[in-house]
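# Task: produce atomic coordinates for the following.
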Amino acid sequence: MNNILEMIKNEKVEWKKLGDSYVSNSVTTGLNPRKNFRLNDSSDGELTCWYITTKDYSVNEKIEFVEGKTAKITENARIIINKRSKLEINDILFSAVGTVGKVALVDINPYNFDVNESTFVIKPNKENIIPKFLVHYLRTDLLQNDVKKFLKGSTLKGIRKKTLLNLQIPIPSLKTQEKIVETLDKFEKYSTELQAELQAELQNRSSQYEYFRDLVLSEDYLKKLSKNKRIFATADKLTEYNIEEIAKIRNGKDWKKLNSGGIPVYGSGGYMNVSVDKYVYNKPTVLIPRKGSIENIFYLDKPFWNVDTIFYTEIDETKIIPKYFYYFMKTLDLKSLSTNSTRPSLTQTVLNKVKIKLPSLEIQNKVVEVLDRFQDLISNAEGLLPEEIEQRQKQYEYYREKLLTFENNMVQVKSSQVKSSSTL
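This next block holds a predicted model:
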């Protein structure tokens, strides 16, 4: 690292505008649907191509294709867009509207994807600048702060094409660019590999926990515990109930007419980032989604409000411990209970008839105690994952700024004429 920093210190750097032909061959944009084509609509043909927007850029400057998240288009629509974008491998995507300044490198042949109109497509002049070098520089604090100064728009801010073309880009020698890219790519690769390893470890722990949870709550295991009078004073046989016999399932209500307060509002996706001044229920409960993400089961032991996409439960604690009921619900295949094949849905009628075999409250308490310990281990691991990734990302950003700051060895070079352009 010291060698490359010393090399940069002595480097003579030319600064040129991004729109200078020395830096880029062209800067174009993609195309929005309007009358040109439709997204996720197979009536015009098979959806074989991807439609890339800012949300499809990953943190390591790559494009992510996620089924169900990334929009799909037909091949004919891609051809229409490409007439404008001219998208090619080694082009750089730069978000122009909304979250301005996000960057992604087209590192694969774009034969089956193209971009929207809010994306600039920068074609680096590879004779003078390495595409990945430009990607790293476009992410620097210096460049990003310049972009923020020139944002336009009252509600949805954006950067105009003319402004983008006038941004100053440092051009060290290709040899130096190669060294910088090699160094920063190593940091990125390390960060990406670490993230994959940590996520794999977390997944492994989660799988082990789910296996153990299902084992502990299985009928055979509970029967063994219930017969063990040496450990449990109240050991006895299991008692079978329908859910309606141990809990009353209640509907949620609209929150919009309530005042702001400190009571959290829950929907099928969890906490809705809304808090109100009244609660629906203030005792331990299990929330069961009614529509949408029906496997998102929640346990709450504080006052809350729930909307109509999620049920709450009034639990008979003389028969079942609320946290035990939560762990039991997590073992169910709720998708198999759905009454709607298009949009997952659960009804009170179906849920009320689900059967549960319960051991004594003493055994339930012990099961909850053990599963809580496992759950804490998983939660602690989940907390470490983003923290570790953030540390590695900060390490990359630190060296990126170090390697791409050329203010002290700036050489004033007259830029060639910037191509004429229209505003975005």
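# what ranges of the stretch 201-350 of the chain fall below the confidence cut-off?
Residues of the stretch 201-350 of the chain meeting the criterion pLDDT under 70: 227-236.
# What segments of it are strands?
239-242, 247-250, 260-267, 270-276, 285-289, 298-300, 305-306, 310-315 (DSSP state E, counting those that start in this stretch).
# who wins for proximity to residue 366 among these?
Residue 366 sits nearest to strand 239-242 of all the strands of the stretch 201-350 of the chain, at 16.8 Å, using C-beta to C-beta. (Each C-beta comes from the backbone N, C-alpha and C, glycine too.)
# Give me the contacts around that closest one.
Contacts of strand 239-242 with the rest of the structure, by C-beta atoms under 8 Å, 6 or more residues apart in numbering, involve 319, 352-358.
# got the CA positions of that strand in CSV?
This file holds the C-alpha atoms of strand 239-242, laid out as CSV (Å, rounded to 0.1, in the frame of the first residue of the first chain):
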residue,chain,number,x,y,z
THR,A,239,-53.8,-32.4,25.8
GLU,A,240,-55.1,-31.7,22.3
TYR,A,241,-56.9,-28.5,21.5
ASN,A,242,-58.1,-26.5,18.5
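# helix or strand for the nearest residue to residue 130 once chain neighbours are set aside, which one?
Of all residues not flanking residue 130 in the chain, residue 177 sits nearest, at 4.7 Å (C-beta to C-beta, 6 or more residues apart in numbering). Secondary structure assignment for residue 177, by DSSP states H and E: helix 174-216.
# now the helices for this protein?
Per DSSP state H, the chain carries helices over the ranges 2-9, 75-85, 131-138, 141-149, 161-165, 174-216, 219-226, 322-331, 348-352, 361-403.
# Put together CSV for those helices, with distance to residue 293 and mean neighbour count on each row.
Shown next, in CSV, are those (distance: least, C-beta to C-beta, whole Å; neighbours: other C-beta atoms under 10 Å):
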stretch, distance to residue 293, mean neighbour count
helix 2-9, 48, 12
helix 75-85, 30, 17
helix 131-138, 35, 23
helix 141-149, 35, 14
helix 161-165, 39, 19
helix 174-216, 17, 15
helix 219-226, 28, 14
helix 322-331, 14, 21
helix 348-352, 16, 15
helix 361-403, 18, 15
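# of all the ones you listed, which lies closest to residue 21?
Among these, helix 161-165 sits nearest to residue 21 (C-beta to C-beta), with 11.0 Å.
# other SSEs contacting the closest one?
If you count contacts as 3 or more C-beta pairs under 8 Å, 6 or more residues apart in numbering; DSSP states H and E, helix 161-165 packs onto strand 24-29.
# Pull the contacting residues for the residue nearest to residue 130.
129-130, 133.
# again, only this time at 10 Å
Neighbour list for residue 177: 128-134, 136-137, 170-171 [criterion: C-beta atoms under 10 Å, 6 or more residues apart in numbering].
# Over to residue 98?
Residues in contact with residue 98 (C-beta under 10 Å, 6+ apart) are 53-55, 118, 153, 156-158.
# Tell me how many other residues crowd residue 277.
Neighbourhood size, residue 277 [other C-beta atoms under 10 Å]: 11.
# Spatially nearest residue to it (excluding sequence neighbours)?
residue 261 (3.1 Å).
# The one you found is in contact with residue 304, isn't it?
No - in this structure residue 261 lies outside contact range of residue 304 using C-beta atoms under 10 Å: 11.7 Å.
# which of the two has more neighbours?
Shown here are residue 261 and residue 304; by other C-beta under 10 Å, residue 304 has more neighbours (22 against 13).
# Could you tell me the least trusted of the helices of the chain?
Of all the helices of the chain, mean pLDDT reaches its minimum on helix 2-9 (a mean of 62).
# what touches both of residue 261 and residue 304?
Common neighbours of residue 261 and residue 304 (C-beta under 10 Å, 6+ apart) are 275-276, 279.
# Enumerate every residue touching the residue lying closest to residue 209 once chain neighbours are set aside.
Leaving aside its chain neighbours, residue 209 sits nearest to residue 374 (4.9 Å; criterion: C-beta to C-beta, 6+ apart). Neighbouring residues of residue 374 by C-beta under 10 Å, 6+ apart: 205, 208-210, 212-213, 216.
# Out of those residues, the closest to residue 247 would be?
Nearest to residue 247, judged by C-beta to C-beta, of the contacts of residue 374 is residue 213 at 19.6 Å.
# Contacts only, for the closest residue to the closest one other than its chain neighbours.
Residue nearest to residue 213 in three dimensions, not counting chain neighbours: residue 371, with 5.7 Å by C-beta to C-beta, 6+ apart. Under the criterion of C-beta under 10 Å, 6+ apart, the neighbours of residue 371 are 209, 212-213, 216-217, 323-324, 326-327, 330.
# between those residues, which is closest to residue 314?
Closest approach to residue 314 among those (C-beta to C-beta): residue 326, at 14.1 Å.
# roughly how far apart are that closest one and residue 311?
Counting by C-beta to C-beta, to the nearest Å, the gap from residue 326 to residue 311 is 13 Å.
# if we can go back for a sec, turn the shared contacts of residue 261 and residue 304 into TSV, including distance to residue 30 and neighbour count.
Below are those laid out as TSV (distance: C-beta to C-beta, whole Å; neighbours: other C-beta atoms under 10 Å):
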residue	distance to residue 30	neighbour count
275	40	16
276	42	19
279	48	16
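# now these in JSON lines, with distance to residue 80?
Output for those, formatted as JSON lines (distance: C-beta to C-beta, whole Å):
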{"residue": "275", "distance to residue 80": "46"}
{"residue": "276", "distance to residue 80": "47"}
{"residue": "279", "distance to residue 80": "53"}
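# Which residue is the nearest non-sequential neighbour of residue 185?
Take residue 185 and drop its neighbours on the chain: the residue closest to it by C-beta to C-beta, 6+ apart is residue 132, 7.0 Å away.
# again with residue 358
Closest residue to residue 358 apart from its sequence neighbours, by C-beta to C-beta, 6+ apart: residue 239 at 5.3 Å.
# measure that neighbour to residue 328 for me?
For residue 239, the distance to residue 328 (C-beta to C-beta) stands at 14 Å.
# Quick check: neighbours shared by those two?
246, 356-358.
# thinking again about what came up before, out of the contacts of residue 371, the closest to residue 101 would be?
Out of the contacts of residue 371, the member with the shortest distance to residue 101 (by C-beta to C-beta) is residue 209, at 39.7 Å.
# do you know how far residue 197 is from residue 203?
Taken as C-beta to C-beta, the span from residue 197 to residue 203 is 11 Å.
# follow-up on the earlier one: for residue 343, find the nearest of the strands of the stretch 201-350 of the chain.
strand 285-289 (11.3 Å).
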